[in-house]
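J.: could you look at this predicted model? Sequence included:
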Amino acid sequence: MSAPSPLPVQDPPGGRRAVAVWSIGVSVYFVAVIFRTSLGVAGLDAADRFHVNASALATFSLLQLLVYAGMQIPVGLMVDRLGTKKVLTLGAVLFTAGQLGFALSPSYGTALAARALLGCGDAMTFISVLRLGTRWFPARRGPLVAQLAGLVGMAGNLVSTLVLAPVLHGVGWVPAFAGSAVAGLIVLVPLVLFLRDQPQGHGPPAAVPARGAAGAAGAAGGYVRRQIAESWREPGTRLGLWVHFTTQFPAMVFLLLWGMPFLIEAQGLSRSTAGGLLTLVVASNMALGLVYGQIVGRRRSARIPLALGTVGLTAGLWLAVLVHPGDRAPMGLLVALCLVLGTCGPASMIGFDFARPANPAERQGTASGITNMGGFVASMTTLLAVGVLLDATGDDYRIAFSTVFVLQALGVTQILRLRRPALSRERELRTAAPARPGPTTPAPEPART
């Protein structure tokens with residue numbers, strides 16, 4: 001058995017074909033985000049439909065994120081092993097089935113199972129899209145392409161807020177959710193017919209397969225252990241995880257479940273006004289995603305300041321809202337909070353810009369899975385904590401949302417601890433990197449060990 005070569009292959013050329021293929025992949029991610037965030041605009045409706053309290057309502061999103069986070073490393077390994085097309089296709093089938101199952105669920109238990117299935121399919125999309133970007137676009141375009149993928153995902157969130165919410169209240173639960181599931185079937189067609197894992201001549205180096213069933217089983221186990229261990233050994237991967245952990249979750253928790261109840265029940269806003277503020281978070285994210293991508297692409301030294309600055313600004317606005325005297329914060333302060341929450345998504349993408357240069361092409365999926373797990377673990381923890389504290393305190397949102405500061409403090413501590421070894425290792429790899437060879441002989445997908 002031979003290990004994959006650590007030498008980089010020639011940069012992909014990019015161009016119109018790259019944009020076309022990448023657009024197919026990112027459209028799958030777009031639909032996955034619509035399905036993922038659909039509960040955020042239907043939280044109160046779900047509580048009424050299934051007759052559950054805040055903790056049980058939080059379990060919907062908690063289970064979905066638990067499955068999502070738990071699948072990140074396995075999905076990264078699958079992407080590295082099987083290729084993007086196979087994993088994306090499986091993901092689209094699963095999240096479509098989950099959305100349809102959620103629409104037709106007659107009970108809380110079956111609805112939970114449907115959200116778990118949705119989370120499993122959703123987990124297969126973003127890492128696949130990141131790998132697609134690294135295989136079709138030059139490395140210098142990596143930060144911008146990743147931010148564009150995040151921007152498209154936020155556009156899916158926007159569809160949930162602007163389209164699914166009024167449809168839900170116009171036609172009812174089953175038609176709205178079952179109708180939205182059709183989008184999953186639509187994106188499957190170009191995915192199956194036209195998506196390719198990489199341009200001709202730009203595949204990863206092929207490895208020699210192991211012989212025999214026992215050899216194949218041992219090779220597979222060795223492959224998994226090696227991919228995870230070597231990815232985790234890189235301080236850039238660990239720093240990426242903690243950057244993602246610390247920056248993503250405040251907006252994720254707000255959009256995925258607790259933003260709408262907080263704005264309606266704690267701040268006394270109408271449903272339409274609360275929906276407008278959720279839309280503002282998404283619009284801010286989309287506008288700032290391109291800005292963050294351009295800054296990071298041009299000045300890599302800006303990554304840590306951008307990440308820590310986002311965390312500090314988010315914490316400051318949350319603190320101002322929660323400690324404001326009186327029962328309700330002024331509208332101007334809520335608008336400022338939502339604008340700042342829009343920076344969380346672009347800042348979380350910086351985590352991948354630490355993991356990407358620390359790992360060779362054949363470990364990109366695994367490293368991205370480890371990084372992506374960070375923000376969803378933080379989101380899952382906060383979703384549960386907020387729900388439990390709301391039930392325990394009689395819906396005191398000030399106490400419940402104080403959980404945000406605890407996780408931010410933990411994440412900042414880890415970022416400060418890892419930043420120097422990660423940056424030092426990155427400089428070492430950049431200095432030691434050999435000149436890029438010409439195009440490689442096309443390698444089959446997947447590469448076998």
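T.: Great, that's in hand.

J.: distance from the chain centre to whatever helix or strand Val192 lives in, please.
T.: Using DSSP states H and E, Val192 maps to helix 173-194. Helix 173-194 sits 20 Å away from the centroid of its parent chain (Cα atoms, centre = their mean, to the nearest Å).

J.: just the mean pLDDT for stretch 52-72, thanks.
T.: Mean pLDDT, stretch 52-72: 84.

J.: buried residues in that stretch?
T.: Of the residues in stretch 52-72, 52, 54-72 count as buried by neighbour count, 16 or more other Cβ atoms under 10 Å. For glycine as for every other residue, the C-beta is placed from the backbone atoms N, C-alpha and C.

J.: so for stretch 23-43, what gets flagged as buried?
T.: Quick answer for stretch 23-43 (16+ other Cβ under 10 Å): 24-43.

J.: could you pull out the helices for the stretch 201-350 of the chain?
T.: For the stretch 201-350 of the chain, the helices defined by DSSP state H, counting those that start in this stretch occupy 213-233, 235-253, 259-261, 271-298, 303-322, 331-341, 344-358.

J.: closest to Met380 out of these?
T.: Met380 lies closest to helix 235-253 among the helices of the stretch 201-350 of the chain, at 8.5 Å (Cβ to Cβ).

J.: let me see the contact set for Val159.
T.: Counting by Cβ atoms under 8 Å, 6 or more residues apart in numbering, Val159 touches Ile34.

J.: phi, psi of it?
T.: phi -60, psi -40 (degrees, to the nearest 10).

J.: try Gly268
T.: phi 70, psi 20.

J.: so what's the closest residue to it other than its chain neighbours scoring on pLDDT?
T.: Spatially, and ignoring its direct neighbours in sequence, Gly268 is nearest to Arg328 (5.6 Å; Cβ to Cβ, 6 or more residues apart in numbering). What the model reports as pLDDT for Arg328 is 92.

J.: now Arg328: how far from Leu322?
T.: According to Cβ to Cβ, to the nearest Å, Arg328 and Leu322 sit 12 Å apart.

J.: and if you look at Phe50?
T.: Per Cβ to Cβ, Phe50 is found 29 Å from Leu322.

J.: please apply the same query to Arg238.
T.: From Arg238 to Leu322 the distance is 31 Å (Cβ to Cβ).

J.: Thr134 too?
T.: Distance from Thr134 to Leu322, by Cβ to Cβ: 40 Å.

J.: for Val187, same thing?
T.: On the measure of Cβ to Cβ, Val187 and Leu322 end up 40 Å apart.

J.: what number of residues lie near Ile228?
T.: 18 (other Cβ atoms under 10 Å).

J.: that one touches Thr366, doesn't it?
T.: Yes - Ile228 lies in contact with Thr366 (Cβ atoms under 8 Å); the separation is 6.4 Å.

J.: noted, bye for now.
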